[in-house]
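Novice: okay, sequence plus prediction incoming.
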Amino acid sequence: MKSIKEETNLNNKKILLRLDLNVPLLGDKIIDTTRIDKILPTLKFLISQNAKIIIISHVGRPKGKVINELSLKPICKDLEIKLSQNIKLISKNFKEIVSKDLFNSEDEKIVMLENIRFYPEEEKNDQQFAKLLATLGDIYVNDAFSCSHRAHASIHEITNFLPSYSGLQINLEVNALKKITSEIKKPITCIIGGSKVSSKINIIKNLIPKFDNIIIVGGMANNIIKYMGNNIGKSLHEENSNLIIEEIFALSKEQNCKIIYSKGVVVA
Ligand code: 3PG
């Protein structure tokens, strides 16, 4: 994908910007705004180019249904404050909207579609749905690195219908990844976390031959702590992950990579 920085004329162009604003929420409070803060340079860049921005994101896993608790409303508010400008949240079904009705005035620069996973077609990577979504903009930009492994309509299928670019965050992430792929310098240690060991297994298997040490933290580490016979109480973990853990240990032994995790735990 070409970077959006390489596109010279964004003046008045409608940019469909896929972001990962999947931040942790407690009611309507955002517990951690990191993902919102990280994306500000992309938004500021597009604003400086006088583009019109249509933000697409998901939050949580509503599974194709409208769930009020998973509205993007609090996220939209937080962005409004950080950018000091109004952002219209479009709660109406976007299929009933035409592109020219998205922005009501010259001054309106950013709108946000409501949680894209409220639509069942999103996770099905539905072609018609992606085609319709594409009619809202002139250009598509993916700056949702942490969603890019999902073959979903607003990430994958949509690129068949619009000129598509990567955003500034994706470029940063890819450059950082080069340090552990093509530009690797040994000895090297990797710290890996997240909640789902099953979705990281292929990454870990790929990293084991390249790294001297892998430190597993976060929810993923709970699976190993449990596997080692410890009580983890109500801590986040995945059922049936023993085979995966055994696979990780076997491969790390074979490749001489040390897997490091907490040996002592306190459960309250
Ligand atoms: C994430 O938080 O990892 C991304 O937003 C992707 O979410 P998902 O695992 O529900 O697809």
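Specialist: On my side now, so go ahead. Residues are numbered from 1 along each chain as shown.
Novice: show me where this structure has its helices.
Specialist: Per DSSP state H, the chain carries helices over the ranges 34-48, 73-83, 120-123, 127-134, 168-178, 197-207, 218-227, 242-255.
Novice: buried ones in the second one?
Specialist: By neighbour count, with 16 or more other C-beta atoms under 10 Å as the criterion, the buried positions of helix 73-83 are K73, P74, I75, C76, D78, L79, E80. (Each C-beta comes from the backbone N, C-alpha and C, glycine too.)
Novice: so which elements touch it?
Specialist: strand 29-30, helix 34-48, strand 87-90, strand 110-113 (3 or more C-beta pairs under 8 Å, 6 or more residues apart in numbering; DSSP states H and E).
Novice: winner for burial among these?
Specialist: Mean neighbours per residue, mean count of other C-beta atoms under 10 Å, is largest over these for strand 110-113, with a mean of 23.
Novice: what strands flank that strand, and is each parallel or antiparallel?
Specialist: Strand 110-113 sits in its sheet next to strand 52-56 (parallel), strand 87-90 (parallel), going by DSSP bridges.
Novice: would CSV of these with mean pLDDT and distance to the ligand be doable?
Specialist: Output for the strands paired with strand 110-113, formatted as CSV (pLDDT from 0 to 100; distance: least, C-beta to the nearest ligand atom, whole Å):
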stretch, mean pLDDT, distance to the ligand
strand 52-56, 98, 13
strand 87-90, 96, 19
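Novice: now render those strands as CSV, adding distance to M220.
Specialist: Listed next are the strands paired with strand 110-113 as CSV, based on distance: least, C-beta to C-beta, whole Å:
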stretch, distance to M220
strand 52-56, 28
strand 87-90, 34
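Novice: could you chop this structure up by domain?
Specialist: Domain segmentation of the chain under automatic domain parsing yields 2-172, 181-260.
Novice: return the most buried member of the ones you listed.
Specialist: domain 2-172 (a mean of 18).
Novice: now do the same end-to-end measure for it.
Specialist: End-to-end distance of domain 2-172 (C-alpha to C-alpha, to the nearest Å): 13 Å.
Novice: how about the residue in the chain positioned nearest to the ligand, what does it touch?
Specialist: With C-beta to the nearest ligand atom, the shortest gap between the chain and the ligand falls at N22, namely 3.4 Å. Counting by C-beta atoms under 8 Å, 6 or more residues apart in numbering, N22 makes contact with R35, S57, H58, V59, G60, S146, C147.
Novice: what sits against the second one?
Specialist: With contacts defined as C-beta under 8 Å, 6+ apart, the neighbours of S57 are R18, L19, D20, L21, N22, L72, I75, M112, N115, I116, A144.
Novice: how about the fifth one?
Specialist: Contacts here follow C-beta under 8 Å, 6+ apart; on that basis G60 touches N22, L25, I67, L70, N115, R117.
Novice: now those in TSV, with pLDDT?
Specialist: Formatted as TSV, the contacts of G60 follow (pLDDT from 0 to 100):
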residue	pLDDT
N22	98
L25	95
I67	97
L70	97
N115	98
R117	98
